[in-house]
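1. Sequence first, predicted coordinates after that:
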Amino acid sequence: MSEQLKFIVETLNKEPFKRNYNLISFDALEPLQLLQVLNDVFAEIDSRSAQITPSTPGSPGTKDPNKLDIREEPADQTAIRMLGILKILKYKPKTDNTSEFRQGLVMGDKPTVYHILEWLLQRVPDLKKRAYLARFLVKIEVPADFLQDDAVADCNQQYEELVEQFKELHKEFTELKKSGFSTSDIKKDIQSMEEEKEQVVRRIERLKKKVESVPNFDRMMDTARKLRQEKERELSLANQKQEQKNQLMHADQRYQRAMNQLKDLQRAAKGASAEALIEKLQEENNVNTYLGQEKLPKEIEAKRKVVADLQKVVLEPAMGQSDLDELHTKIKDSNAEINQLIEKRMMRNDPIDDKLSIFKQQASIIAKKKIQVADEIQSTKDELAATEQELSEKRQMARELEGGEVLKGDEFKRYVNKLRGKSTVYKKKRQELAELRAEYGVLSRTEEILRQRDENAQRALEGLEAKKGVSGYHDTQEELEKVSTIKSELDEMKGKTLDDISDMVLKLTSTISEKKSALAPVIKELRPMRQKCQEMSLVYEEKKAQYDNRAAGYETDRSKLEQEVRTYREECGAEESRYHYLQSMKKVVDTQLVRAQEEMKLYLSTDPQDKKKSCREQYTRKIQEQENLGKTLREKQKAVRESHGPSMRQMKMWKDFEKLMECKRRCFLGERNAERTMGGDNYGADMGGEERLVL
């Protein structure tokens, strides 16, 4: 209660309420003031629904939500108006007693109003949206008698059509709002597209000016058009070729599957009789019949129930922690009642039910085994399909890597023979390469020897030139020959370059004139095409906008579906944990049931030894022993009660006797001490040094 009150006060002190409450002042509010606060919260959620209903037919209602005063209308009208608002907002009362809730709301009961305020303040944005939609989607109920009138019926039909139209428009608006597109981004995109459009238009104008004077423009355009058509045709033929390859691959896969099935059937039929084959087919037919008529309909029905439960959960209003606690409490109570009923049934010990329970148990075990076998068959089929799919993928990968089909049988043998022939050729080529490498080594050695001889000759020539006084003559002569050779090559290249440049200029001028004459008709045809381009660009913009809207809607739907899938997975996990818990409880109950059945067998058995083993006989024997023990104890108790009085008197006499003896002892000790003080040493000598007691 304190946390609830604290949350309400903190929320009311914030925007947009701006109240200045604390816990004490808010708790001290009168019922009428609490209802006023509740009405102000209603006004914040939906100002129209929280307006004061005029008390007289001609008086206008209050239009300002900040000046609503519930004292201006009767209490019953206030209650009706607030109950209507809560119904629109789908509020679920804390109690199931509707009359009690209404009375608490009319009287301004604090727990009732606090619960409503907490529920409202936790969901203000969602409730604002719900109130806004309720303004248009809550249909006006028209009596059936009025609908007999054609004008009223047409008006009602038009009203329903407008409601449906509003639903569609609001849905589109929500999708656009969630899509993330903003007006500024759209304006920027439009502006950039317009700039690109202007650039394209200017480029087209420049190209038109360039090609206006090109000769044979029509012929060139026709040739370009034909070229484009041929390219499109080539592309379509390539697509058709790819499709046919895919079809051929699929046909090959089907053929391989059929061949595998044929081989399997042949292996299965080898050494088998017709009766065995018919029996096998009957077994397969029975399995398929069970799967199609019993297992699958049950699974479909279970899925439908789950979907129906989920739809009920979705249609329910949002639940808080208190609602969840109430549901958990109800679930615990229901489980306790179920356990009590099970215990009562077990304690009833009906022999007929016990006999039937054995057969029921056997039938349930057989049904479970049947379901388990069906699941194993289904899983085996799924595994087989997955294996076949994986096999086809592996074959496809091998085909892509090797560039052809996977070879089998005779084809593989031919491929091996081909490889052997290629290996023989490879060995021959390798031998030839080795011979060439050896010859290359010999030639390299020869070149090296000749180079050494040349160097020796050069050194001898240089020595001879030095002797004659003309050293360096040979080198100078070689350089002059090289320079003259280079000069002649350069002169030849210059002549060729000038000729090429002149030819290129002539070709360019002729080509430009031809292009101008050819592009002149193209430019003429391009002018109407420009208008068509503008029209097509407008159509493109419209289609693009429609596509973007559809894509945004699909993306929103996809996100919603992903959220639903996550929710369903979480619920599935919770249901699985609940299933495992129920299975463990069921095993415990089955164990108890088996013990009860064994006990019943021992109890109904004619063998005395078996009856002695039963828990009933053991408990009966223990009960008899306890009764005998109790009887013995009661007899002892009776004897103790009868001897209680005399025993108490005897105990009192013994206590008195004890006191008397204690008194005598003290008197004796006193007298002896007195005699010792009076008699002195003579008394001790007369007694001979011994201590004596005289009675």
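-> Thanks, I have the structure now.
2. Quick one, grab the pLDDT at Gly403.
-> With respect to pLDDT, Gly403 scores 53.
3. From here on, call the first residue 821.
-> OK, 821 is where the count begins now, so the last one is Gly1223.
4. how about the helices in the stretch 1121-1270 of the chain?
-> For the stretch 1121-1270 of the chain, applying DSSP state H, counting those that start in this stretch gives helices covering 1141-1168, 1171-1222, 1230-1288.
5. actually the stretch 871-1020 of the chain, not the one I typed
-> Going by DSSP H, counting those that start in this stretch, the stretch 871-1020 of the chain shows helices at 895-908, 918-927, 930-942, 944-957, 970-999, 1003-1031.
6. So which of the helices of the stretch 1121-1270 of the chain is nearest Glu1491?
-> helix 1141-1168 (81.3 Å; CB to CB). For every residue, glycine as well, the C-beta is placed using N, CA and C.
7. which intervals of the stretch 971-1120 of the chain have sub-threshold pLDDT?
-> Within the stretch 971-1120 of the chain, the segments meeting pLDDT under 70 span 999-1002, 1032, 1034, 1088-1092.
8. residue contacts, Gln1076?
-> Arg1215 (CB atoms under 8 Å, 6 or more residues apart in numbering).
9. got the residue ranges for the helices in the stretch 1321-1470 of the chain?
-> Counting by DSSP H, counting those that start in this stretch, the helices of the stretch 1321-1470 of the chain are 1428-1433, 1435-1462, 1464-1506.
10. got the ones you listed as CSV, with distance to Gly1283 and mean pLDDT columns?
-> Putting the helices of the stretch 1321-1470 of the chain into CSV (distance: least, CB to CB, whole Å; pLDDT from 0 to 100) gives the following:
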stretch, distance to Gly1283, mean pLDDT
helix 1428-1433, 134, 72
helix 1435-1462, 134, 88
helix 1464-1506, 161, 82
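11. could you point out where the stretch 1221-1370 of the chain is predicted with low confidence?
-> Looking at the stretch 1221-1370 of the chain by pLDDT under 70, you get 1221-1230, 1290-1294, 1314-1318, 1322.
12. which SS state does Leu1116 fall under?
-> Three-state assignment for Leu1116 (DSSP: H, G, I helix; E, B strand; the rest coil): helix.
13. could I get the helices of the stretch 871-1020 of the chain as a markdown table with distance to Ile1098?
-> Formatted as a markdown table, these follow (distance: least, CB to CB, whole Å):
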| stretch | distance to Ile1098 |
| --- | --- |
| helix 895-908 | 68 |
| helix 918-927 | 68 |
| helix 930-942 | 69 |
| helix 944-957 | 64 |
| helix 970-999 | 59 |
| helix 1003-1031 | 71 |
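14. how about a markdown table for the ones you listed, with distance to Ala1187 and mean neighbour count added?
-> Converted to a markdown table, the helices of the stretch 871-1020 of the chain look like this (distance: least, CB to CB, whole Å; neighbours: other CB atoms under 10 Å):
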| stretch | distance to Ala1187 | mean neighbour count |
| --- | --- | --- |
| helix 895-908 | 48 | 16 |
| helix 918-927 | 45 | 15 |
| helix 930-942 | 47 | 19 |
| helix 944-957 | 47 | 15 |
| helix 970-999 | 47 | 12 |
| helix 1003-1031 | 62 | 12 |
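15. hmm, back to that, ok, which of the helices of the stretch 1321-1470 of the chain comes nearest Glu1390?
-> Nearest of the helices of the stretch 1321-1470 of the chain to Glu1390, taken as CB to CB: helix 1435-1462 at 45.4 Å.
16. Return the set of buried residues in that closest one.
-> For helix 1435-1462, a neighbour-count test (16 or more other CB atoms under 10 Å) marks Glu1437 as buried.
17. just checking, what packs against it?
-> Contact partners of helix 1435-1462 among helices and strands, from 3 or more CB pairs under 8 Å, 6 or more residues apart in numbering; DSSP states H and E: helix 1293-1424.
18. If you count neighbours, what's buried in stretch 1190-1208?
-> Ala1194, Ile1197.
19. and what of stretch 1084-1100?
-> Neighbour counts over stretch 1084-1100 (16+ other CB under 10 Å) mark no residue as buried.
20. again, but for stretch 1372-1392
-> Ala1372, Gly1373, Thr1376.
21. and the closest residue to Phe921 other than its chain neighbours, backbone torsions?
-> Of all residues not flanking Phe921 in the chain, Pro913 sits nearest, at 4.4 Å (CB to CB, 6 or more residues apart in numbering). In this entry, Pro913 is assigned phi and psi values of phi -60, psi 160 (degrees, to the nearest 10).
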